[in-house]
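Asks: This is a predicted model, with the sequence first.
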Amino acid sequence: MRILVISDIHANLTAFEAVLQDAGKDAWEQIWCLGDVVGYGPDPNECVALLQSFPNHTCLSGNHDWAVLNRLDINSFNVEARQAIHWTQSQLTPESHAYLDGLPSLVIVPPHFTLAHASPRQPVWEYILDASVAAANLLHFETPICLVGHTHTPIIYAYMDDQMMTRTPLYGQPISLNIPDRLIINPGSVGQPRDGDPRAAYALLDLEQMTWEHRRVAYDIAATQARMRQHDLPPRLVARLAYGW
């Protein structure tokens, strides 16, 4: 079984479509989406509908998904994010709302994987930004590997020999997961990368070979920006897509 692993689409249909095209329709059988289908971007309903069009998919709820459902106090978000949340709430169809409302916050895929949007300790909100936070989360999942999103930064945290180490992704090069590590892996963001690389990020996971491959693909950023301007979304959110921050 081969899995397309994505996270943080953030209502960016153009980036989502580019990922699907780059991955190839015959390269995977299932999608695992680690949350934040909506928020920030101009295409919330379109992204929900496209994800739903794949019957073999698992999707988690992220903090922006929760925010548009009024499950979080949006005052905890910055001003631009709050504006985008309010706009998304005004645009969301009943069908999209119902889909987001039914998403779980954490999923276990035995025997190897725990899936969380943010972290296994706090599945919707905590940012795993460094090795110390990653190490603290080891007590909160029992599988060998945990997949997370939320930070919009592709990275691998590997615990081996009583140390948590950070591994930089090698794009387009499958790596073996059959190693004596416990791993926390982030595929990066489809719709709003924040690691200085504006290309959409995703990963391919092969469950039979137990390999993981980080990938990046360029997309038409200007097209997404034009739709954001059309809907009067915050200028900073528009600009940041071109820079990957």
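Replies: Alright, I've got the coordinates. Just so it is clear, the model here is predicted, and its values are computed rather than measured.
Asks: list the buried ones in the helix or strand of the chain with the lowest mean pLDDT?
Replies: Between all helices and strands in the chain, the lowest mean by mean pLDDT, DSSP states H and E belongs to strand 163-167, at a mean of 92. Neighbour-count burial for strand 163-167 flags M164 (criterion: 16 or more other Cβ atoms under 10 Å). C-beta: built from backbone N, CA, C; applies to glycine.
Asks: how close does T14 get to L177?
Replies: For T14, the distance to L177 (Cβ to Cβ, to the nearest Å) stands at 31 Å.
Asks: Of the two, which one has the most company?
Replies: Comparing T14 with L177 by other Cβ atoms under 10 Å, the one with more neighbours is T14, at 23 against 20.
Asks: hang on, isn't that one packed against T224?
Replies: Yes: using Cβ atoms under 8 Å, T14 is in contact with T224, at 4.8 Å.
Asks: okay, and the common contacts of those two?
Replies: Listed contacts common to T14 and T224 are D43; contacts here mean Cβ atoms under 8 Å, 6 or more residues apart in numbering.
Asks: quick one, phi psi at the residue of the chain most remote from its centre?
Replies: In the chain, the greatest distance from the average C-alpha position (Cα atoms, centre = their mean) is reached by D161, at 29.1 Å. The phi/psi pair for D161 (degrees, to the nearest 10) reads phi 60, psi 40.
Asks: just how off-centre is the helix or strand harbouring R82 within its chain?
Replies: Per DSSP states H and E: R82 is located in helix 79-91. Remark: helix 79-91 is offset 19 Å from the chain centroid, using Cα atoms, centre = their mean, to the nearest Å.
Asks: cool, and stretch 129-138?
Replies: Centroid separation between stretch 129-138 and its chain, computed with Cα atoms, centre = their mean, is 18 Å.
Asks: ok, now stretch 117-133?
Replies: With Cα atoms, centre = their mean, you get 13 Å for stretch 117-133.
Asks: what about it, start to end distance?
Replies: For stretch 117-133, the first-to-last residue distance is 15 Å (Cα to Cα, to the nearest Å).
Asks: The protein: helices as residue ranges?
Replies: Counting by DSSP state H, one finds helices in the chain at the ranges 13-23, 44-52, 63-68, 79-91, 94-101, 131-136, 221-230, 235-240.
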